[in-house]
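> Whatever this is, show me its structure:
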Amino acid sequence: MKAKVAAVIGGGASGLAAAAELLRASSGVKKKPRVVVFEAQERLARKLCASGSGKCNLGNRHIDNSRYNGDKALISSYVTAYDAISDEEFLRDMGIYVTDDGSDRLYPMSFKADSVMTAMRGYCLSLGAEFSLADTITSVDRYGDRFLLNGSFIADAVIFACGGPSAGRLGGSASGYDLLSSLGVPRPDVYPALCALVPDKKYWPASMRGTRAHCEVSLLVNGYRVRIESGEVQFNEKTVSGIPVMDLSGDAAAMLAAGRGVSLEINKSPDIPPDELYAIAYSLLSRGAYTRAEDIFACVMPRSLYHDDLRVCAIKPDETLSPEDDRLKKLCRRVSQCVYPIYGTVGFEDAQAVRGGYGSDAVDPETCALRSLGGVYVCGELLDADGACGGYNLTFARTTGRTAGKSAAGLLLNK
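Next up, the predicted model:
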């Protein structure tokens, strides 16, 4: 009797984890399944190799529901099943030892993403996995109780780990949705996430270009505040980015697609409320400490950050401002509540994640098995769950990949 065959479509974080777990679960079996990983690119895990600015933020010490968006049932099942000890042991088995950067974010001790890819690839090879690189799967058809890939490769089980269209410049694509649609699975709505946003250029001051500052950022939808994040914001010529903006970007993209009005309210002085900010400015001006209006908040935030706010409040940069001037209170309120309309996102090409995907109605959260067709498993970015910056998405990809691999092993060993 021939060994069963599993095809893993996608050689990224979830696909490599799926292949490894499938083979681990089959260890000691006389007829161990054959596992072939198909990767469209010429090299494995290009997205992973670019993660964390090349350092690979592969996990976080605190995995909980609040750091994920998407299908609640799927996310809850994943978080409940996640075992930090088992995950770290899995990484160590591959030769990946983790450390932190002084926060809860976990990195390989090498702080090199390519070392993670090398370790995962080597581990899979040692277990018997095969790799077919630069091999794009363009069709998956039912073939009795089996599957036919590209009209020639026959598999008993197929694991879809091909990711989504995020990071298109690194090979991200919508091929997974196309292939699953051909098997009768309804295509989900998806949006860019973890990406920069594009403000309406009519309201975006050039003076802030190149500035980085700690801010509090609120997402406003039709004028209502729906989420707040804080951290370093990067003010670019045509975009606004930084971790807090990226964490809000998935919601912003979905709301823009729905035709809602989206804005960012940016508090440029999050640690000093407007009244206290006014008291500081009043005291300094009363003592004659500053003679130029542009210097008023220089010790609180970069001048470039409020240069345009002076203009909005009809204050000249070189003006000597009286502490009793009503424009001073207006300026203090303005820097704490600057609202910038958002035109769009930078799109999937430069997005790090996907908002949307297949939820618990299509995929069993406990097994990652497709509900409508036996022998098919879906994991990683194709699922309806996207995490905040901080290693949450790679953890989700790795864990759901392992779940899909273990489930596929159970099917093949009993088929």
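
> what residues does stretch 293-304 touch?
Contact partners of stretch 293-304, identified using Cβ atoms under 8 Å, 6 or more residues apart in numbering, comprise 207-211, 213, 268-269, 272, 277, 280-281, 284-285, 290, 306-307, 310, 315-321, 328, 331, 335. Where you see a C-beta, it was placed from the backbone N, CA and C, and this is true even at glycine.

> If any of the residues you listed are buried, put those into a ChimeraX selection.
Of the contacts of stretch 293-304, the buried ones can be selected in ChimeraX as follows, counting by 16 or more other Cβ atoms under 10 Å:
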select :207,208,211,213,268,269,272,277,280,281,284,285,290,306,307,310,315,321,328,331,335
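
> Just the ones of the contacts of stretch 293-304 in helices?
Among the contacts of stretch 293-304, DSSP state H puts 277, 280-281, 284-285, 306-307, 310, 328, 331, 335 in helices.

> Can you give the contact residues for stretch 108-120?
Outside of stretch 108-120, the residues within contact range by Cβ under 8 Å, 6+ apart are 13, 16-17, 20, 44-45, 48-52, 54-56, 58, 94-99.

> let's see it at 6 Å
If you take Cβ atoms under 6 Å, 6 or more residues apart in numbering as the criterion, stretch 108-120 is touched by 16, 44-45, 48-49, 51, 54-56, 94-97, 99.

> Need the nearest residue in space to Val354, chain neighbours excluded.
Excluding the flanking residues, the one nearest Val354 by Cβ to Cβ, 6 or more residues apart in numbering is Gly164, at 3.8 Å.

> What segments of the stretch 1-150 of the chain are strands?
5-9, 34-39, 59-60, 68-70, 98-100, 105-108, 130-133, 140-143, 146-149 (DSSP state E, counting those that start in this stretch).

> okay if I get these as a markdown table plus mean pLDDT, distance to Ala254 and mean neighbour count?
Output for the strands of the stretch 1-150 of the chain, formatted as a markdown table (pLDDT from 0 to 100; distance: least, Cβ to Cβ, whole Å; neighbours: other Cβ atoms under 10 Å):
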| stretch | mean pLDDT | distance to Ala254 | mean neighbour count |
| --- | --- | --- | --- |
| strand 5-9 | 98 | 27 | 26 |
| strand 34-39 | 98 | 30 | 24 |
| strand 59-60 | 96 | 24 | 23 |
| strand 68-70 | 97 | 9 | 22 |
| strand 98-100 | 95 | 32 | 15 |
| strand 105-108 | 96 | 26 | 22 |
| strand 130-133 | 98 | 34 | 15 |
| strand 140-143 | 97 | 29 | 15 |
| strand 146-149 | 98 | 33 | 18 |
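
> Could you export those strands to CSV, including columns for distance to Gly168?
Shown next, in CSV, are these (distance: least, Cβ to Cβ, whole Å):
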stretch, distance to Gly168
strand 5-9, 18
strand 34-39, 16
strand 59-60, 25
strand 68-70, 21
strand 98-100, 29
strand 105-108, 25
strand 130-133, 19
strand 140-143, 22
strand 146-149, 23
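
> what's the closest of those strands to Ser407?
Closest of these to Ser407 is strand 5-9, at 10.8 Å (criterion: Cβ to Cβ).

> Parallel or antiparallel, list what pairs with that closest one.
Sheet pairing of strand 5-9 (DSSP bridges) gives strand 34-39 (parallel), strand 157-160 (parallel).

> quick one: contacts of it?
Strand 5-9 has contacts (Cβ under 6 Å, 6+ apart) with 15, 18-19, 22, 33-38, 137, 149, 155-162, 408.

> Return the set of residues that bridge with the residue sitting nearest the centre point of the chain.
For the chain, the residue nearest the mean C-alpha position is Ala353 (3.8 Å; Cα atoms, centre = their mean). Taking DSSP bridges as the rule, Ala353 bridges to Ala193.

> Contacts only, for the closest residue in space to Asp200 that isn't next to it in sequence.
Nearest non-adjacent residue to Asp200, counting by Cβ to Cβ, 6+ apart: Pro341, 4.2 Å away. By Cβ under 6 Å, 6+ apart, the residues touching Pro341 are 200, 203, 263.

> ok, and Pro341, which helix or strand is that part of?
strand 338-345 (DSSP states H and E).

> So what are the sheet partners of that strand and their directions?
Going by DSSP bridges, the partners of strand 338-345 are strand 197-199 (antiparallel), strand 262-267 (antiparallel).

> Please render those as TSV that adds mean pLDDT and distance to Ala84 to the earlier fields.
TSV is the format used below for those (pLDDT from 0 to 100; distance: least, Cβ to Cβ, whole Å):
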stretch	mean pLDDT	distance to Ala84
strand 197-199	98	33
strand 262-267	98	34
